[in-house]
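Asker: Provide a 3D model corresponding to the input given below.
(2 chains)
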Amino acid sequence: MDYGSLEQLFGEAVTASATGSPQRATEVPANMIIVTADDIRRSGARDIPGILRHVAGVDVMQWANDNSDVSVRGYNQAYAARTLVLIDGRQVYADYYGFIPWSALPVELSAIRQIEIVKGPNSALFGFNAVGGVINIITYNPRYDDVNTVSVRSGTQGLAEISGVTTMPLGNLGALRLSGGLRSDDEFATSIPLAMAGPPRTANGRMSIDADSVFELADNVEFGLEGSHTHARQNEVSPDYVWQDSDYETNSVKGQLTADTSIGLLKLTAYSNWISWRGTGNPALGVFSQHNQVTVVQAEDVFNLGADHTLRAAVEYRHNTADTTPMKGGTVSYDVISGSGMWNWHITPAVSLTNALRVDNLIWQRSGVIPADYPFTNQDWERSTTQISFNSGVLWVVGPADKLRLMASRGVELPNLVESGSLLIDLPYLQVTGTPFLKPTAVTNYEFAWDHDLPTLDAHLQLSAFHQHTDNIVSVGGGFIPTLTSLYAAPANIGSSDANGLELIAGGLFDRDWRWSLSYRAEFVKDNFLPFAEGGMDYVDYEHTTPKHLIKGNIGWASGNWEVDAYLNYQSRVSGLQTTGINTYLVPIGTYASLDGRLAYRLTDWATVSVSGQNLLQSAQRQTSGPYIERQIFATLTLNR
Amino acid sequence: MTDQSKSPRLGYGQALSLGRVAVLATCALFAAAPVSRAADVGMADLQAAARSLGFVDSLQNRPTISIGVVYGADVHDGRDQATRVAGMLASMPGPSSSTLQANIVATDDLTKSNRRFDALYLMPGTEASGNQIADFIRRQHLVSISSDPACLDGKYCVLMIQAGSAVNIVLDTALASAVNARFSSVFTMMVKRR
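Answerer: Below is the predicted model of the structure:
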């Protein structure tokens, strides 16, 4: 899809992340925010979580210099797994756990055209794990976009970074985009809470390279081939709230054939992701390592039916496998076969209805060695489940300035491979295992949104209200399975949770050179957990860890060669989780406000220098139950051609 | 005493009647000679029209796209406004780095002209020649674009494009098919179709 041409034509961002069909951002039947390349540049951020922390309704827990967890509408935690992250439609999270090691994503900020954030479940389009929201990172297409940028950055905490992207033609019928980056920085020097104590801090580092090519095979037939490699080392907080030193290595290969035909827009996609993780947490447990491969094959057709209907039909096959760790010799995997459909009906010129449905059939498997006196056999994994996801939305264009949206959706989050058995500790003093008997977590969301334009003020207002219900929440602890000689700790389904929320977003331009935005989210979560998991005692607590009030504001000025932007984040008092080793407890985190900013000056048409800062109000600030976050300041020189 | 004292004085009712006459006369005048509404065609409308041509299969990868700017022969000031629009079109970049060439042509001359066009931009006020335009684009396999919504009811524009506070594009799928114009699927999914 030529995003640039469509964006120029319609004068607004375009997306395919809401329904799978290309749409104007203002017409999607979903609650979506699009962060443009301009927003990314002006955010002053040096990584994607740094950009997302300015986005209305998005929660970012920064644990360490290069380690953040991101969620949409609360429900955040260490190794947060409710948000599906994709790069150009390819899921990029660490599939064995479903979380995002952001430093290990093979994308440079200057290669990103836009980041699309869909709030609420969108499993009907993207499949499992798109339950809290979807973050789809759209990069520049080498066939349509001409991008040549190099950025050099240096700053506090020993930050040194170089990042670049270039596009080039490959003969008359092809084009290539190459991007890569190198980064190193020191960890914050603030003290690690005793309860989280793990290995000593190490330096963080990141290396990434991505090659993306597109070839025109025939008129309206395009073939894309992409490969990537990343290596990232970072200090982070584990899902059981222990400080750990992690090393990630990822590789991916993706091929995509698209054909614009008389029967619609046909797309065949196949990709494989490999991720290897090596981590040192609790010294008593030694070094963990995890090798995970996911292979996905998708075929879809998006087509018009008459003047008023657009449909999408798709099938998908997914194979996901991980070796057991730290006890080796076993393999846990699953295969998923999915069918999905979307129907967008323009009932009248002002009213459209979109329905999407997806059915996933999943089959678990386990092979290889099992320990002596293990509570399961490999046959216990010979199980299957069928899950249904849906998204429905009505968009009513009430008038030139008003739009109303009504949305309902259901998404499914699978127990990840770690929870399902790839984690296997069999030591004389500690036995931990995953289990094949976990139920998938299901999230149902109901939402109303009203958009109002204020043309006289050059401003826009959005008010939305949502109710979200989550069933079968999984905790990494909580389950205990006795055997003849031992007691295995295992994950367990611990209950449900309900959230009611209200979101107000306003923004606009004034006096030609100024822009502003302000958002407020109120969210009230009620967990209904089993007694042993109440009050944050079992690694999961959403009621006390989701901030009730979240305010974000931005004011920016650009004139001539200068750009100045300031971002304020306010979060009301919450609690965070810390571990005792066998369970967790809540610790208070006070109300805080943080300020980020960027000052930039364009030296020439091709060179810009900027100074950015994060958490500027205090030299160190408590934002999570982990170490305090330090103030960061860095300078960036960007060269464009 | 001045002449003014001898002047007939108009009562309120008489003044109103005269006002009505003036309005009616003005309306009659405009009805007799269609008014150019070319001023309604702005740069944003033309940019959107030019960009839309990039989604027509037959016009992709063309170094030059030739556009006929069609005006009503009987429209007051129509030729001047068409000339202005043609100048604006020729000054803007075409889709995918192509060059736009624009030449004006009166509706009466449309069938007589030997000039070959890749697309037509229809000025407001061409509705009286709608059938003639529709026949022409069918024969020549041309995409016609207008900012005048009346062209949709008249079934002589393939695309109606208005770029106000938001860009509004309506595609006449039947006419597009009749002129053998194929648009990219992405484009057809993002515009209103009828």
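
Asker: and the stretch 151-300 of chain A, which residues reach chain B?
Answerer: Residues of the stretch 151-300 of chain A lying close to chain B by C-beta under 8 Å from any C-beta of the partner chain are A:219, A:220, A:260, A:261, A:264, A:265. Every residue, glycine included, has its C-beta placed from N, CA and C.

Asker: Let's see that with 7 Å instead.
Answerer: A:260, A:264, A:265 (C-beta under 7 Å from any C-beta of the partner chain).

Asker: And those residues, which is closest to residue A:160?
Answerer: Ranked by distance to residue A:160 (C-beta to C-beta), these are led by residue A:265 at 43.7 Å.

Asker: what's near enough to touch that closest one?
Answerer: A:258, A:301, A:302, A:303, B:185, B:186 (C-beta atoms under 7 Å, 6 or more residues apart in numbering or on different chains).

Asker: That one bridge partners, please.
Answerer: residue A:260, residue A:302 (DSSP bridges).

Asker: Could you list the low-pLDDT ranges of the chain?
Answerer: With no chain named, the answer covers chain A. Flagging of chain A using pLDDT under 70 yields the residue ranges A:283-284.

Asker: meant chain B, my bad for not saying
Answerer: Checking chain B against pLDDT under 70 turns up B:1-39.

Asker: That one against chain A: which residues are in contact?
Answerer: Going by C-beta under 7 Å from any C-beta, the residues of chain B near chain A are B:48, B:51-52, B:54, B:95, B:165, B:167, B:173, B:184-186, B:188-190, B:192-194.

Asker: List the ones among those residues that fall in helices.
Answerer: B:48, B:51, B:52, B:173, B:185, B:186, B:188, B:189, B:190 (DSSP state H).

Asker: Residue A:101: which of those residues is nearest?
Answerer: Nearest to residue A:101 among those, with distances taken as C-beta to C-beta, is residue B:186, at 33.2 Å.

Asker: Enumerate every residue touching that closest one.
Answerer: A:1, A:6, A:22, A:265.

Asker: Then residue A:69?
Answerer: So residue A:69 contacts A:61, A:76, A:77, A:78, A:79, A:80 (C-beta under 7 Å, 6+ apart).

Asker: Now it. Nearest residue, chain neighbours left out?
Answerer: Nearest residue to residue A:69 in three dimensions, chain neighbours excluded: residue A:80, at 4.1 Å (C-beta to C-beta, 6 or more residues apart in numbering or on different chains).

Asker: go on, residue B:188?
Answerer: Using C-beta to C-beta, 6+ apart, the closest residue to residue B:188 is residue A:304 (5.8 Å).

Asker: Surely that neighbour is in contact with residue A:344?
Answerer: No: look at residue A:304 against residue A:344 with C-beta atoms under 7 Å: they stay out of range, at 9.6 Å.

Asker: More neighbours: which of these two?
Answerer: residue A:344 (27 against 18; other C-beta atoms under 10 Å in any protein chain shown).

Asker: Quick one: name whatever helix or strand follows the helix or strand harbouring the more buried one.
Answerer: Counting by DSSP states H and E, the element that carries residue A:344 is strand A:330-346. Following strand A:330-346 in sequence order, the next helix or strand is strand A:351-368 (DSSP H and E).

Asker: is chain B contacted by that next one?
Answerer: No: using C-beta under 7 Å from any C-beta, strand A:351-368 stays clear of chain B, coming no nearer than 10.4 Å.

Asker: Just checking: what are the partner strands of that strand?
Answerer: strand A:330-346 (antiparallel), strand A:384-399 (antiparallel).

Asker: closest one to residue A:438 among those strands?
Answerer: Among the strands paired with strand A:351-368, if distance is taken as C-beta to C-beta, the winner is strand A:384-399, at 10.3 Å.
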